[in-house]
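Peer 1: Dropping the sequence and predicted coords here.
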Amino acid sequence: MPVAELRRTNSSDADFRTLIVALDADLRGRYADLMDTYDQHNVIDQIDTVIVATLQGEAVACGCFKSYDAESVEVKRMYVAPAARGKGISKMILRNLEDWARDLGYSYTVLETASKQHEAIGLYHNMGYEKTAQYGPYVDLPDSICFRKALS
């Protein structure tokens, strides 16, 4: 089985932009009109901490983070194309994002996912994330599930 290659890049990367269009379509399929509320929280302006995964030269997955506060980054836009799922790529990306954040001096990660993303919830539990109170724009959004992890 081919191993995914990870590339650190930024939010201008064409592959990243293509993957987040696919992510948004996936989310719209799961949550329909509820995405009208969430879309405003998923805007990616200029972020220099993006990872794109490729399999045999094809971009199949992505993730990124942005500073949340002085100690924490927020993991955003985690996505694996359906044909590439089940190969451990999301774990590779998440570990690499955590390492990158740690290298930049951050101590924690936070992230939000929603109730119908069972595979994401499982990933975060398996990777040592713990549920935390809803934060920032996700406070009082009933479908939001927030997680936090120490990067020690």
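Peer 2: Perfect, thanks for sending it.

Peer 1: what's residue 49 sitting at in phi/psi?
Peer 2: phi -130, psi 70 (degrees, to the nearest 10).

Peer 1: Spatially nearest residue to it (excluding sequence neighbours)?
Peer 2: residue 65 (5.1 Å; Cβ to Cβ, 6 or more residues apart in numbering). Bear in mind the C-beta positions are built from the backbone N, C-alpha and C, glycine included.

Peer 1: gap between that neighbour and residue 138?
Peer 2: Residue 65 sits 16 Å away from residue 138, going by Cβ to Cβ, to the nearest Å.

Peer 1: how far out from the middle of the chain is stretch 57-73?
Peer 2: In terms of Cα atoms, centre = their mean, to the nearest Å, the centre of stretch 57-73 is found 6 Å from the chain centre.

Peer 1: List the buried residues for it?
Peer 2: Across stretch 57-73, burial judged by 16 or more other Cβ atoms under 10 Å covers 59-66, 68, 72-73.

Peer 1: Closest one of those residues to residue 81?
Peer 2: Comparing these against residue 81 with Cβ to Cβ picks out residue 60 as the nearest, at 4.7 Å.

Peer 1: ok, back up a step: how about the buried residues of stretch 57-73 in CSV, adding secondary structure, pLDDT and distance to residue 25?
Peer 2: Conversion of these to CSV gives the following (DSSP: H, G, I helix; E, B strand; the rest coil; pLDDT from 0 to 100; distance: Cβ to Cβ, whole Å):
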residue, secondary structure, pLDDT, distance to residue 25
59, strand, 98, 15
60, strand, 98, 15
61, strand, 98, 15
62, strand, 98, 14
63, strand, 98, 17
64, strand, 97, 18
65, strand, 97, 22
66, strand, 95, 22
68, coil, 95, 26
72, strand, 98, 29
73, strand, 98, 26
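
Peer 1: any idea which of those is closest to residue 127?
Peer 2: residue 63 (11.9 Å).

Peer 1: wait, what's in contact with that closest one?
Peer 2: Residues in contact with residue 63 (Cβ atoms under 8 Å, 6 or more residues apart in numbering) are 50-51, 75-79, 90, 93-94, 97.

Peer 1: Can you name the two of those that sit furthest apart?
Peer 2: 50 and 90 (14.9 Å).

Peer 1: Please save the CA atoms from the helix or strand where residue 6 lies in CSV.
Peer 2: Secondary structure from DSSP states H and E places residue 6 in strand 5-9. The C-alpha coordinates for strand 5-9 follow below in CSV (Å, rounded to 0.1, in the frame of the first residue of the first chain):
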residue,chain,number,x,y,z
GLU,A,5,3.5,12.1,1.6
LEU,A,6,2.9,15.2,3.7
ARG,A,7,3.7,18.7,2.4
ARG,A,8,3.8,21.8,4.7
THR,A,9,2.4,24.8,2.8
